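Enquirer: whatever this is, show me its structure:
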Amino acid sequence: MRADAKLPNEAKLSQTRQYGELAFARLRSVLIVGRTRFANARFRRHVTDPPCRVGRSKAALRPAAFRCRGFPALLAAAVDPARARYNTRGMPNASNINWLRPIPLFPLPNCVLLPGAVLPLHVFEPRYIAMMQDVAAREPGDRLLAMAFLREGWEPHYHTRQAPLHNTVCVGRVVQHEVLADGKFNLLLLGLVRARVIEETGDLLYRQALLAAVEQGSIGLHEPRLRDVLYQLVVEFSTRTGALPGDMIDGIFRTAPDTALLLDVLIYHLVPAGQAAVKQSLLEEEHPYTRAKKLIRHLRTIAALPKPSPTPVWPPTMNSN
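Expert: Residues are numbered from 1 along each chain as shown. Take a look at the predicted model:
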């Protein structure tokens, strides 16, 4: 006979309830761990995308070792962790951000960061070197920067605190940085969450502001169908333009935890680098479903454009008989 067979009915019910709550808590933990399995993924180095340069100098770009493909590399490493190099120390998550504390602003005219993307940067301006020195001195989980996209008319005010910028920014975490011999920085910035500028504060060399996280809507019942449409479109688009290799596409769709983050990763990698204004408009779109429709429309427009004809070679080469 079991030891608890002699317990009163109420005690048995209470014990059963405790067992059930414990089992549910364990199941919930397993689901959470499974959903965020990629959280501690490490990413490989790639030599593909050029870094955004902080400033307007035409000096040589930073070492090729810091060029990476962004978040898909993290996802690829999550599928194959054996080739990992760096620990990202947590994937996109706004819950541990202290919104009561000013966050440094990083306004640039040619770069837009999105949640889930990894942006390589080379920092050489004195004000941004000072900013990185302050950020690097913090705890790893608190090394935050807010990437801001400058508005039209920024040129005469670039080196001042009055350069106009868009109100919607992307808060990122510095997941890797390197101090060069001359004091400049190479860094990798992982996008975490959309935010709005509430108020700029402080009188430091660089700009900083109080921010507020942007709440996103839910895709709801449209999500399964939307992922199928996106997958087919991305495969067709990449086949035509060579934007992403097939194995990377499969890794992104298999590993991305939700469609909202998947959309941001696709926007970062599929919208051409020269169309930063388009990326900014998609960053400002709060509802993922509307954002998806805009991305689909934009990719179809790009795919419909005729391919540029190859530059003719002169003098012409001989034909082989």
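Enquirer: in the stretch 201-321 of the chain, where is pLDDT below threshold?
Expert: 221, 306-321 (pLDDT under 70).
Enquirer: and the pLDDT at the residue lying closest to Asp142 once chain neighbours are set aside?
Expert: Ranked by CB to CB, 6 or more residues apart in numbering and with sequence neighbours excluded, the top spatial neighbour of Asp142 is Asn98, at 7.7 Å. In this view, the C-beta of every residue, glycine as well, is placed from N, C-alpha and C. The model reports Asn98 with a pLDDT of 90.
Enquirer: did I read that right, Asn98 in a helix?
Expert: No - under DSSP: H, G, I helix; E, B strand; the rest coil, Asn98 falls outside any helix and is assigned coil.
Enquirer: pull up the pairing partners for the longest strand belonging to the chain, direction included.
Expert: When the chain is parsed with DSSP state E, its longest strand is strand 185-201. Strand 185-201 has the following strand partners under DSSP bridges: strand 118-123 (antiparallel), strand 168-179 (antiparallel), strand 208-213 (antiparallel).
Enquirer: and those, which is most packed in?
Expert: Ranked by mean neighbour count, these are led by strand 118-123 with a mean of 24 (mean count of other CB atoms under 10 Å).
Enquirer: quick check: what element follows that one along the chain?
Expert: Per DSSP states H and E, the first helix or strand lying C-terminal to strand 118-123 is helix 126-136.
Enquirer: measure how that next one sits relative to strand 118-123, angle-wise.
Expert: 130 degrees (axes from the mean of the first three to the mean of the last three CA atoms, to 10 degrees).
Enquirer: helix 126-136 packs against which elements?
Expert: For helix 126-136, the elements it packs on are strand 103-108, strand 118-123, strand 144-149, strand 168-179, strand 185-201, judged by 3 or more CB pairs under 8 Å, 6 or more residues apart in numbering; DSSP states H and E.
Enquirer: in that helix, what's buried?
Expert: Residues of helix 126-136 classed as buried under the neighbour-count rule (16 or more other CB atoms under 10 Å) are 128-129, 131-132, 135.
Enquirer: now the angle from that helix to strand 144-149?
Expert: Using the same axes, to 10 degrees: helix 126-136 against strand 144-149 is 150 degrees.
Enquirer: list of residues touching helix 126-136?
Expert: If you take CB atoms under 8 Å, 6 or more residues apart in numbering as the criterion, helix 126-136 is touched by 54-55, 104, 106, 123, 143-145, 174, 177, 179, 183-185, 187, 204-206.
Enquirer: swap in stretch 232-245?
Expert: Under the contact criterion CB under 8 Å, 6+ apart, stretch 232-245 has outside partners 72, 246, 249, 252, 266, 269-270, 296, 299-300, 302-303.
Enquirer: ok, now with 10 Å
Expert: When contacts are defined by CB atoms under 10 Å, 6 or more residues apart in numbering, stretch 232-245 is touched by residues 69, 72, 76, 246, 248-253, 262, 266, 269-272, 295-296, 299-300, 302-305, 307.
Enquirer: need the buried ones from the residues you listed selected in PyMOL.
Expert: Selection of the buried residues among the contacts of stretch 232-245 in PyMOL, burial being defined by 16+ other CB under 10 Å:
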select buried, resi 69+72+76+248+249+250+251+252+253+262+266+269+270+271+295+296+299+302
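Enquirer: quick one: Gly220 and Tyr289 touch, right?
Expert: Yes - with contact defined as CB atoms under 10 Å, Gly220 reaches Tyr289; the gap is 7.9 Å.
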